[in-house]
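Q: this is a predicted model, with the sequence first.
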Amino acid sequence: MLSFGALLSDRSLELRLLVPGKEGAVEREVLWVHSTELPDPSPYLRTGEIVLTNGLWLRETSAADFAANVRRSGAAGIVFGLRDVMPQTPAELIEACRQEGLPLAEISIAVPFTAVAEAASALQADERRDALVGMVRRGDALASAISHGAGASGVLAVLRREHELPLAVVDRMARPLASAGVDLSADQRRRVADGLARHPPPLEIDLGGPEGRATVFLVGAVGDTDAALLCLRPVTELTKPQQDALDQVARFLSLEVAKQQAIQAIELRFASELLDMILSGAQRAAEVPDRLRAFGVDPSGRLAVLTVAFADGTESTLPGLSETIGEFFLAQGLAVVVAGGSQDVVAVLQDPRQELKELAEALCTVLRKRFPDRRPVVGLGDTAASARELRQPLVQSREACQVLRRRRGGHAVASFRELGTHRLLLGLQDAGTLRGFADGVLGPLRQHDNTRDSELESTLRAFLAHDGQYGATAAALYVHVNTLRNRLARITELTGRDVARTEDRVDLYLALEADELAG
């Protein structure tokens, strides 16, 4: 590396350091050397250059002004060339450089400035050669790591052999792909994913906490930004060799991410085909066991099926939902097949030792953290004794999930049998049909309540909730039984349905349920 210190260590230049400047200035990398005798060379100097001068400017300006001009330009220091007429560096220049914090060295009369330029050129050539050799060697090591299946962690290990930096790789779904020397929290990974979603993505991301700001090196697989290589250091603290190495590693990580995406696409297709096999019944039943074995699921044991979707928003699934579900079950030590679609995500797994509903509720907790603005719901089917009996549990779990999606609030997890036949039948209807039925039955009650504040709808709900018991309903509403009877008579008159008749009571009950499902 070209620096003041590197030039000083070259004995052939016969340099002698007079002023070290600010702490670390001598060892800091410099851009080049620049010969000048102008009283104010600042317009022509670049930041990081070393000024070579014989002091001819002393005829026109003071040493203090010259040193101030050099410092203002951002130059790295001054080398004063001694002459026969000036065999010593002027004391006023030494003092001026000390005041400005500028490194100052003198060069003997016998050594020309061209020798300094040649030495600087040789140092930079050596640096470029070493960087090129290092890049080639690093590239060979990175290619070897990927070809031997070391994954993203193996790629980071190659970089850490040269630079002991805290590193992490996070994809656009906020999933941790690899890390070395750091463990990012879920919130920090979410910040990274949010940054990758911007156009253009930021060069630095504030991770918060003690980690502070991290430099971002983009990882793209097929044109898009799929992940980020994070170095938990601000970019201003990274040297040029470190930045070059990180950029090279990010390019190799693109190969690894592309490979993983291809594998995931194949797994997704295989998982989706499994659902088609199951739903085809006897036609493709013989293919199901082999497909389950491919995912590590034992087809001869008892199997559970659950279906996941989001109840809020226009989209019932989002990118990353399938992966999050798969990671959850793998973390529980359960072999699973996860098939994602536009309407729901289905998971087929070995019948877990713990209660399936408890496991599904734990999954919902994880999904709420991963997708904080969405409400996940999970429908459960009956347990299948073997792979040949998966069709009915699959249909049940999907129907249960569909019903839960249409309900406003309530439980996030429910089985097919818990929901009841009427809810399942209503859940299979479209929202327009449900709304029309509910409004047709309940509309007159609501209009009467709005104009007269009569509380007929709440009375009907309480009466049905108490199984048609007059005394219990009146007590719950804090009214006299006769008042309740008068209200029920008014309900019969407005709706044309007598609460005393079973078939009419069923109509009223279904209308209330349809109203809830229609939203």
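A: Ah, there it is.
Q: state which helix of the protein is the longest.
A: Scanning the chain for the longest helix, with DSSP state H as the assignment, gives helix 240-279.
Q: state the mean pLDDT of the helix or strand just after that one.
A: Scanning forward in sequence from helix 240-279 by DSSP states H and E, the next helix or strand is helix 288-294. For helix 288-294, the mean per-residue pLDDT is 89.
Q: buried set for helix 288-294?
A: For helix 288-294, burial by neighbour count (16 or more other CB atoms under 10 Å) applies to 288-289, 291-292. C-beta here means a position set from N, CA and C on the backbone, and glycine is covered the same way.
Q: quick revisit: quick one: mean pLDDT for the longest helix of the chain?
A: The average pLDDT for helix 240-279 rounds to 83.
Q: touching, residue 172 and residue 193? I think so.
A: Yes - under the criterion of CB atoms under 8 Å, residue 172 makes contact with residue 193 at 5.5 Å.
Q: ok, back up a step: closest to residue 247 out of the buried residues of helix 288-294?
A: Nearest to residue 247 among these: residue 291, at 41.8 Å, using CB to CB.
Q: my guess is that closest one meets residue 277, correct?
A: Yes - with contact defined as CB under 8 Å, residue 291 counts as touching residue 277 (6.4 Å).
Q: where does the residue nearest the centre of the chain fall, helix, sheet strand or coil?
A: Most central in the chain under CA atoms, centre = their mean is residue 174, positioned 2.1 Å from the mean C-alpha point. In three-state terms, and counting by DSSP: H, G, I helix; E, B strand; the rest coil, residue 174 is coil.
Q: could you report the pLDDT at it?
A: Residue 174 is assigned a predicted lDDT (pLDDT) of 82.
Q: can we start the residue count at 45 from this point?
A: Sounds good: first residue 45 from here, last item residue 218.
Q: and it, what does it touch?
A: Listed by CB atoms under 8 Å, 6 or more residues apart in numbering, the contact partners of residue 218 are 230, 233-234, 236-237, 364, 414.
Q: just the closest of those residues to residue 102, please.
A: For the contacts of residue 218, the nearest to residue 102 is residue 236 (56.5 Å; CB to CB).
Q: please report how far that closest one lies from residue 208.
A: 22 Å (CB to CB, to the nearest Å).
Q: of those two, which one has the most company?
A: It is residue 236, of residue 236 and residue 208, that has more neighbours when counted by other CB atoms under 10 Å, with 26 against 10.
Q: secondary structure element for the more buried one?
A: Using DSSP H and E, residue 236 maps to helix 230-240.
Q: on contacts alone, who are the packing partners of that helix?
A: Packing partners of helix 230-240 (3 or more CB pairs under 8 Å, 6 or more residues apart in numbering; DSSP states H and E): strand 211-215, strand 248-250, strand 257-264, strand 269-275.
Q: could you dump those to TSV with mean pLDDT and mean neighbour count?
A: Below are those laid out as TSV (pLDDT from 0 to 100; neighbours: other CB atoms under 10 Å):
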stretch	mean pLDDT	mean neighbour count
strand 211-215	89	26
strand 248-250	90	17
strand 257-264	89	22
strand 269-275	86	25
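Q: JSON lines for those, including distance to residue 161?
A: Conversion of these to JSON lines gives the following (distance: least, CB to CB, whole Å):
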{"stretch": "strand 211-215", "distance to residue 161": "39"}
{"stretch": "strand 248-250", "distance to residue 161": "37"}
{"stretch": "strand 257-264", "distance to residue 161": "34"}
{"stretch": "strand 269-275", "distance to residue 161": "35"}
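Q: quick one: closest of the ones you listed to residue 480.
A: strand 211-215 (45.1 Å).
Q: and the closest one, C-alpha only, in CSV?
A: This file holds the C-alpha atoms of strand 211-215, laid out as CSV (Å, rounded to 0.1, in the frame of the first residue of the first chain):
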residue,chain,number,x,y,z
LEU,A,211,-20.9,-10.9,8.3
ALA,A,212,-24.4,-12.1,7.6
VAL,A,213,-26.5,-13.0,4.5
VAL,A,214,-30.2,-12.3,4.6
ASP,A,215,-32.6,-12.8,1.7
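Q: tell me which helix or strand comes right after that strand.
A: Strand 211-215 is succeeded, C-terminally, by strand 220-224 (DSSP H and E).
Q: from the contact counts, what lies against that following strand?
A: Applying 3+ CB pairs under 8 Å, 6+ apart, one finds that strand 220-224 contacts helix 195-206, strand 211-215.
Q: list just the nearest of the buried residues of helix 332-338 to residue 93.
A: residue 335 (67.4 Å).
Q: list the contacts of that closest one.
A: For residue 335, counting by CB under 8 Å, 6+ apart, the contacting residues are 314, 317-318, 321, 381.
Q: could you do residue 53 as well?
A: By CB under 8 Å, 6+ apart, the contact set of residue 53 is empty.
Q: isn't there a strand covering residue 382?
A: Yes - counting by three-state DSSP, residue 382 is part of a strand.
Q: where does pLDDT dip in the stretch 445-563 of the chain?
A: Applying pLDDT under 70 to the stretch 445-563 of the chain flags the ranges 452-453, 464-475, 561-563.
Q: can you give me the helices in it?
A: Secondary structure of the stretch 445-563 of the chain (DSSP state H, counting those that start in this stretch): helices at 460-463, 465-471, 475-496, 500-509, 514-521, 525-539, 546-562.
Q: okay, buried residues for the first one please.
A: Put plainly, it is helix 460-463. Buried residues in helix 460-463, counted by 16+ other CB under 10 Å: 460, 463.
Q: centroid-wise, who is the farthest residue in the chain?
A: Largest centre distance within the chain, by CA atoms, centre = their mean: residue 129, 67.9 Å.
Q: still on that earlier bit, nearest to residue 505, out of the helices and strands packed on strand 220-224?
A: strand 211-215 (48.0 Å).
Q: can you give me the angle the closest one makes with helix 195-206?
A: Angle, strand 211-215 to helix 195-206, by axes from the mean of the first three to the mean of the last three CA atoms, to 10 degrees: 160 degrees.
Q: against residue 272, how distant is residue 258?
A: 9 Å.
Q: right, I mislabeled it, should have said residue 440
A: Taken as CB to CB, the span from residue 440 to residue 272 is 41 Å.
Q: so which bits of the helix or strand harbouring residue 141 are buried?
A: Under the criterion of DSSP H and E, residue 141 resides in helix 135-144. By 16+ other CB under 10 Å, the buried positions in helix 135-144 come out as 137-138, 140-141, 144.
Q: can you check stretch 146-154 too?
A: Of all the residues in stretch 146-154, those buried under the rule 16+ other CB under 10 Å are 146-151.
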